[in-house]
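In: how would this look folded up:
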Amino acid sequence: MYLFVGISIITFLMTFSQSFIKFLSLGSRFMKQADYSVILKEINLAKQELKELEESDMEDFTKVVKKMRIENKIGGLCKRLKDSREMVRLKGASVDLVCGYAVKLILVLMLAYISFKYRYTPVVVFDDRFDFAPFGGIVTFPTGVPNAISVPFWVFSCNLSFKWFGSHISTMLSS
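Out: Below you'll find the model as predicted:
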């Protein structure tokens, strides 16, 4: 009975591990948030300069040139701020991706170990009323016990069922 429940839980976790990790947003929790105060101060100083320039009495040409330089400086600082924020977001997403695949690898290794160690142990044995014909040989393959479900077949069927269930849920949520 522990194989029945254990394999079901492991395959469920394997199927939905990426969604769980994305929901937990581990990347944003473990990534150190960048300090944007320096860039924001520079932007505020440049805006202050622009405001002072608007109020000053200068010749038109020099005023326009200085105004363009300050506007270009503000644009560059805003782009730098946006790029910094995007870099932090991408680093968080890469941490989520690596964590997701690490968890999936661990779960796959657990399933491989269980499948190898308990390959001759039936997960469930049914009485003679159940007949798996013509698939009886595939369902009971390494065990040799009639009317039984083997570990590799149970892993395969759970994995397939949860993937179908997950795709059905995702299509329902997307529409």
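In: Beyond the least confident helix or strand in the chain by mean pLDDT, next helix or strand please.
Out: With mean pLDDT, DSSP states H and E as the measure, the helix or strand of the chain carrying the lowest mean pLDDT is helix 26-30 (a mean of 67). Moving toward the C-terminus from helix 26-30, the next helix or strand (DSSP states H and E) is helix 37-55.
In: State the distance from Glu59 to Val65.
Out: For Glu59, the distance to Val65 equals 10 Å [CB to CB, to the nearest Å]. Just so you know, the C-beta spots here come from the backbone N, C-alpha and C atoms, and that holds for glycine as well.
In: no wait, Val98
Out: 49 Å.
In: Next: Arg80.
Out: Taking CB to CB, one finds Arg80 at 23 Å from Val65.
In: go on, Tyr101?
Out: 53 Å.
In: Does Ala133 lie in a helix or a strand, and which?
Out: With DSSP H and E as the test, Ala133 turns up in no helix or strand.
In: Tell me where the protein has helices.
Out: Using DSSP state H, the helices found in the chain span residues 2-24, 26-30, 37-55, 60-117, 136-139, 151-174.
In: who touches Lys163 in this structure?
Out: Thr15 (CB atoms under 8 Å, 6 or more residues apart in numbering).
In: Can you report how many residues lie near Leu160?
Out: For Leu160, the neighbour count with other CB atoms under 10 Å is 12.
In: Let me fix that, I meant to ask about Gly75.
Out: Gly75: 11 neighbours (other CB under 10 Å).
In: From Ile43, how far out is it?
Out: 10 Å.
In: Run through this structure and note the low-pLDDT ranges.
Out: 26-34 (pLDDT under 70).
In: before we move on, back to that, who's more crowded, Glu59 and Val65?
Out: Here Glu59 and Val65 are compared on neighbour count by other CB under 10 Å; more neighbours surround Val65, at 12 against 8.
In: ok, that one to Ile7 distance?
Out: 73 Å.
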